[in-house]
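A structural model of the following input is requested.
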Amino acid sequence: MAIVKKFEEVPTTAVSDALKGLNNLDQTIKPVKDDLTVAGRATTVKLRAADNKLVLKAIAEANPEDVLVIDAKGYMQNASCGDFVIGLAETLGLKGVVIDGAVRDIQGIRDMNYPVFCKGTTTAASDKHGTGEVNGVISCGDTAINPGDIIVGDADGVVVVPQEDEETILEKSLEKLEKDEEREEKILGNPEEARKFIMDQLSK
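So this is what the prediction gives:
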(Lines give C-alpha, C1' and ligand atoms only; values in the text may rest on other atoms or scores of the structure.)
Protein backbone atom coordinates (compact mmCIF):
# COMPACT_ATOMS: atom_id res chain seq x y z
CA MET A 1 0.00 0.00 0.00
CA ALA A 2 2.97 2.31 0.56
CA ILE A 3 3.61 2.68 -3.16
CA VAL A 4 -0.02 3.65 -3.75
CA LYS A 5 0.35 6.41 -1.13
CA LYS A 6 3.34 7.73 -3.05
CA PHE A 7 1.36 7.82 -6.29
CA GLU A 8 -1.23 9.97 -4.51
CA GLU A 9 1.34 12.78 -4.50
CA VAL A 10 2.16 12.57 -8.23
CA PRO A 11 0.09 14.30 -10.94
CA THR A 12 -1.16 12.21 -13.83
CA THR A 13 0.90 14.29 -16.24
CA ALA A 14 4.15 13.11 -14.63
CA VAL A 15 2.93 9.50 -14.54
CA SER A 16 1.90 9.73 -18.19
CA ASP A 17 5.33 11.06 -19.16
CA ALA A 18 6.99 8.20 -17.27
CA LEU A 19 4.81 5.80 -19.26
CA LYS A 20 5.61 7.63 -22.52
CA GLY A 21 1.93 8.48 -22.95
CA LEU A 22 0.97 4.88 -23.64
CA ASN A 23 -1.35 4.17 -20.69
CA ASN A 24 -3.68 7.15 -20.64
CA LEU A 25 -7.40 6.41 -20.60
CA ASP A 26 -9.47 8.17 -23.26
CA GLN A 27 -9.54 11.88 -22.46
CA THR A 28 -13.33 11.97 -22.38
CA ILE A 29 -13.14 10.13 -19.03
CA LYS A 30 -12.99 13.03 -16.57
CA PRO A 31 -13.71 13.63 -12.87
CA VAL A 32 -17.20 14.78 -11.94
CA LYS A 33 -15.42 17.33 -9.70
CA ASP A 34 -12.07 18.69 -10.89
CA ASP A 35 -10.59 19.08 -7.40
CA LEU A 36 -10.84 15.37 -6.56
CA THR A 37 -8.00 12.92 -7.16
CA VAL A 38 -7.61 9.17 -6.74
CA ALA A 39 -4.86 6.55 -6.57
CA GLY A 40 -5.45 2.89 -5.82
CA ARG A 41 -5.34 -0.64 -7.12
CA ALA A 42 -7.91 -1.69 -9.69
CA THR A 43 -10.83 -3.96 -9.08
CA THR A 44 -12.18 -4.49 -12.58
CA VAL A 45 -15.62 -5.27 -13.94
CA LYS A 46 -16.73 -5.80 -17.53
CA LEU A 47 -20.36 -5.09 -18.39
CA ARG A 48 -22.73 -5.52 -21.27
CA ALA A 49 -24.31 -2.23 -22.30
CA ALA A 50 -27.27 -1.23 -20.08
CA ASP A 51 -26.60 -4.04 -17.57
CA ASN A 52 -24.99 -3.09 -14.25
CA LYS A 53 -25.74 -5.99 -11.87
CA LEU A 54 -22.09 -7.01 -11.71
CA VAL A 55 -21.12 -3.55 -10.48
CA LEU A 56 -22.69 -4.58 -7.18
CA LYS A 57 -20.74 -7.87 -7.16
CA ALA A 58 -17.49 -6.02 -7.85
CA ILE A 59 -18.14 -3.53 -5.04
CA ALA A 60 -18.82 -6.39 -2.62
CA GLU A 61 -15.66 -8.29 -3.62
CA ALA A 62 -13.27 -5.32 -3.82
CA ASN A 63 -10.64 -4.71 -1.18
CA PRO A 64 -10.94 -1.52 0.85
CA GLU A 65 -8.96 1.28 -0.83
CA ASP A 66 -9.28 -0.30 -4.29
CA VAL A 67 -10.51 1.75 -7.24
CA LEU A 68 -13.46 0.22 -9.07
CA VAL A 69 -12.84 0.34 -12.82
CA ILE A 70 -15.89 -0.32 -15.00
CA ASP A 71 -15.61 -1.36 -18.64
CA ALA A 72 -19.03 -0.30 -19.95
CA LYS A 73 -17.79 -0.07 -23.55
CA GLY A 74 -18.26 3.69 -23.59
CA TYR A 75 -22.04 3.23 -23.67
CA MET A 76 -23.77 6.50 -22.79
CA GLN A 77 -27.50 5.80 -23.03
CA ASN A 78 -27.83 4.01 -19.67
CA ALA A 79 -25.93 4.75 -16.48
CA SER A 80 -23.51 2.23 -15.02
CA CYS A 81 -24.03 3.84 -11.59
CA GLY A 82 -26.14 6.40 -9.81
CA ASP A 83 -25.48 8.16 -6.54
CA PHE A 84 -26.79 5.25 -4.44
CA VAL A 85 -24.44 2.67 -5.99
CA ILE A 86 -21.54 5.12 -5.76
CA GLY A 87 -22.52 5.55 -2.11
CA LEU A 88 -22.23 1.78 -1.63
CA ALA A 89 -18.68 1.89 -3.01
CA GLU A 90 -17.78 4.70 -0.63
CA THR A 91 -19.43 2.94 2.33
CA LEU A 92 -17.38 -0.22 1.72
CA GLY A 93 -14.13 1.75 1.62
CA LEU A 94 -13.34 1.93 -2.09
CA LYS A 95 -11.23 4.97 -2.95
CA GLY A 96 -13.04 5.89 -6.16
CA VAL A 97 -14.77 4.74 -9.33
CA VAL A 98 -13.65 5.02 -12.96
CA ILE A 99 -16.22 4.31 -15.68
CA ASP A 100 -15.91 4.00 -19.43
CA GLY A 101 -19.52 5.09 -19.67
CA ALA A 102 -22.11 7.24 -17.95
CA VAL A 103 -23.47 7.95 -14.48
CA ARG A 104 -26.76 9.47 -13.39
CA ASP A 105 -27.77 11.48 -10.30
CA ILE A 106 -24.75 13.64 -11.10
CA GLN A 107 -25.51 16.33 -8.54
CA GLY A 108 -25.90 13.75 -5.82
CA ILE A 109 -22.51 12.26 -6.75
CA ARG A 110 -20.88 15.68 -6.71
CA ASP A 111 -22.38 16.39 -3.30
CA MET A 112 -20.69 13.25 -1.97
CA ASN A 113 -17.26 14.76 -2.66
CA TYR A 114 -16.07 11.28 -3.70
CA PRO A 115 -13.79 10.62 -6.71
CA VAL A 116 -15.78 9.45 -9.73
CA PHE A 117 -14.42 9.59 -13.28
CA CYS A 118 -16.72 8.97 -16.26
CA LYS A 119 -17.61 10.08 -19.78
CA GLY A 120 -20.74 11.97 -18.81
CA THR A 121 -24.23 11.73 -17.43
CA THR A 122 -27.58 10.35 -18.53
CA THR A 123 -31.07 9.97 -17.07
CA ALA A 124 -31.70 6.28 -17.84
CA ALA A 125 -30.99 3.42 -15.42
CA SER A 126 -29.51 0.07 -16.45
CA ASP A 127 -31.12 -3.36 -16.13
CA LYS A 128 -29.72 -6.08 -13.87
CA HIS A 129 -29.17 -9.29 -15.83
CA GLY A 130 -25.64 -10.01 -14.60
CA THR A 131 -23.84 -10.32 -17.92
CA GLY A 132 -20.11 -9.68 -17.71
CA GLU A 133 -17.08 -10.51 -15.58
CA VAL A 134 -15.47 -9.33 -12.33
CA ASN A 135 -11.69 -9.06 -11.93
CA GLY A 136 -10.69 -10.05 -15.42
CA VAL A 137 -8.58 -8.09 -17.88
CA ILE A 138 -10.61 -5.21 -19.28
CA SER A 139 -10.33 -2.38 -21.76
CA CYS A 140 -11.35 0.92 -20.18
CA GLY A 141 -10.98 4.09 -22.20
CA ASP A 142 -9.13 2.08 -24.90
CA THR A 143 -6.49 1.02 -22.36
CA ALA A 144 -5.86 -2.49 -21.01
CA ILE A 145 -6.24 -2.79 -17.23
CA ASN A 146 -5.50 -5.82 -15.08
CA PRO A 147 -6.78 -6.32 -11.55
CA GLY A 148 -4.16 -4.89 -9.18
CA ASP A 149 -2.80 -2.29 -11.60
CA ILE A 150 -2.49 1.15 -10.05
CA ILE A 151 -5.04 3.73 -11.19
CA VAL A 152 -4.12 7.43 -10.87
CA GLY A 153 -6.70 10.11 -11.65
CA ASP A 154 -6.95 13.89 -11.36
CA ALA A 155 -8.37 16.85 -13.28
CA ASP A 156 -6.26 16.01 -16.34
CA GLY A 157 -7.61 12.47 -16.67
CA VAL A 158 -6.76 8.90 -15.69
CA VAL A 159 -3.59 6.84 -16.13
CA VAL A 160 -3.01 3.14 -15.43
CA VAL A 161 0.32 1.86 -14.10
CA PRO A 162 0.90 -1.85 -14.84
CA GLN A 163 1.56 -3.70 -11.59
CA GLU A 164 4.75 -5.31 -12.87
CA ASP A 165 6.30 -1.91 -13.66
CA GLU A 166 4.99 0.14 -10.74
CA GLU A 167 8.31 0.64 -8.91
CA THR A 168 10.10 1.80 -12.05
CA ILE A 169 7.23 4.06 -13.12
CA LEU A 170 7.03 5.64 -9.66
CA GLU A 171 10.75 6.42 -9.74
CA LYS A 172 10.52 7.93 -13.22
CA SER A 173 7.40 9.90 -12.29
CA LEU A 174 9.07 11.43 -9.24
CA GLU A 175 12.14 12.31 -11.30
CA LYS A 176 9.96 14.03 -13.90
CA LEU A 177 8.06 15.93 -11.24
CA GLU A 178 11.29 17.12 -9.62
CA LYS A 179 12.71 18.28 -12.96
CA ASP A 180 9.50 20.15 -13.79
CA GLU A 181 9.49 21.90 -10.42
CA GLU A 182 13.16 22.90 -10.77
CA ARG A 183 12.53 24.27 -14.28
CA GLU A 184 9.54 26.30 -13.13
CA GLU A 185 11.44 27.75 -10.19
CA LYS A 186 14.37 28.75 -12.41
CA ILE A 187 12.48 30.14 -15.41
CA LEU A 188 8.97 31.31 -14.58
CA GLY A 189 8.93 34.90 -13.35
CA ASN A 190 12.40 35.49 -14.82
CA PRO A 191 12.09 37.14 -18.29
CA GLU A 192 15.74 36.58 -19.20
CA GLU A 193 15.64 32.87 -18.40
CA ALA A 194 12.23 32.51 -20.08
CA ARG A 195 13.50 34.05 -23.31
CA LYS A 196 16.65 31.89 -23.19
CA PHE A 197 14.57 28.75 -22.72
CA ILE A 198 12.34 29.60 -25.67
CA MET A 199 15.30 30.31 -27.96
CA ASP A 200 16.97 27.06 -26.90
CA GLN A 201 13.82 25.11 -27.75
CA LEU A 202 13.46 26.82 -31.13
CA SER A 203 17.05 26.02 -32.05
CA LYS A 204 16.59 22.26 -31.63
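
From now on I want contacts and neighbour counts done on CA atoms only, so please keep to that.
Fine.

State the helix or strand in which residue 41 lies.
Using DSSP states H and E, residue 41 maps to strand 38-47.

who touches the longest helix seen in the chain?
In the chain, assigned by DSSP state H, the helix with the most residues is helix 166-187. Outside of helix 166-187, the residues within contact range by C-alpha atoms under 8 Å, 6 or more residues apart in numbering are 3, 6-7, 10, 14-15, 17-19, 150, 161, 193-194, 197.

do the same with stretch 78-85
With C-alpha under 8 Å, 6+ apart, stretch 78-85 has contacts from 49-52, 55-56, 72, 99, 101-106, 108-109, 121-126.

Mark which of those residues are buried, thanks.
Among the contacts of stretch 78-85, those buried by neighbour count (16 or more other C-alpha atoms under 10 Å) are 49-52, 55-56, 72, 99, 101-106, 109, 121-122, 124-126.

Sitting in helices, which of these do you find?
55, 56, 106, 109.

still on that earlier bit, just checking, what packs against the strand holding residue 41?
Strand 38-47 is packed against helix 2-7, helix 53-61, strand 66-71, strand 132-134, strand 138-140, strand 150-154, with contacts defined by 3 or more C-alpha pairs under 8 Å, 6 or more residues apart in numbering; DSSP states H and E.

shaky segments in the chain?
1 (pLDDT under 70).

Try it again at 50.
Residue ranges of the chain with pLDDT under 50: none are present.

can you pull the contacts of residue 43?
58, 62, 63, 66, 67, 68, 69, 134, 135, 147, 148.

For it, name its beta-bridge partners.
Taking DSSP bridges, one obtains residue 68 as the residues bridged to residue 43.

Could you check which helix or strand contains the residue lying closest to residue 101 once chain neighbours are set aside?
Counting by C-alpha to C-alpha, 6 or more residues apart in numbering, residue 101 lies nearest to residue 74, which is 4.3 Å off, once chain neighbours are set aside. Using DSSP H and E, residue 74 falls within no helix or strand.

Make sure residue 74 is actually in contact with residue 103.
No - counting by C-alpha atoms under 8 Å, residue 74 stays clear of residue 103, with 11.3 Å between them.

related to what we said a few turns ago, quick one: the contacts of residue 43 as a markdown table, columns for neighbour count too.
Output for those, formatted as a markdown table (neighbours: other C-alpha atoms under 10 Å):
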| residue | neighbour count |
| --- | --- |
| 58 | 21 |
| 62 | 21 |
| 63 | 17 |
| 66 | 26 |
| 67 | 31 |
| 68 | 28 |
| 69 | 28 |
| 134 | 20 |
| 135 | 19 |
| 147 | 21 |
| 148 | 18 |
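
What is the distance between the longest helix of the chain and the centre of its chain?
Counting by C-alpha atoms, centre = their mean, to the nearest Å, helix 166-187 is centred 20 Å from the centre of its parent chain.

Buried residues in it, which are they?
By neighbour count, with 16+ other C-alpha under 10 Å as the criterion, the buried positions of helix 166-187 are 166, 169, 170, 172, 173, 174, 176, 177.
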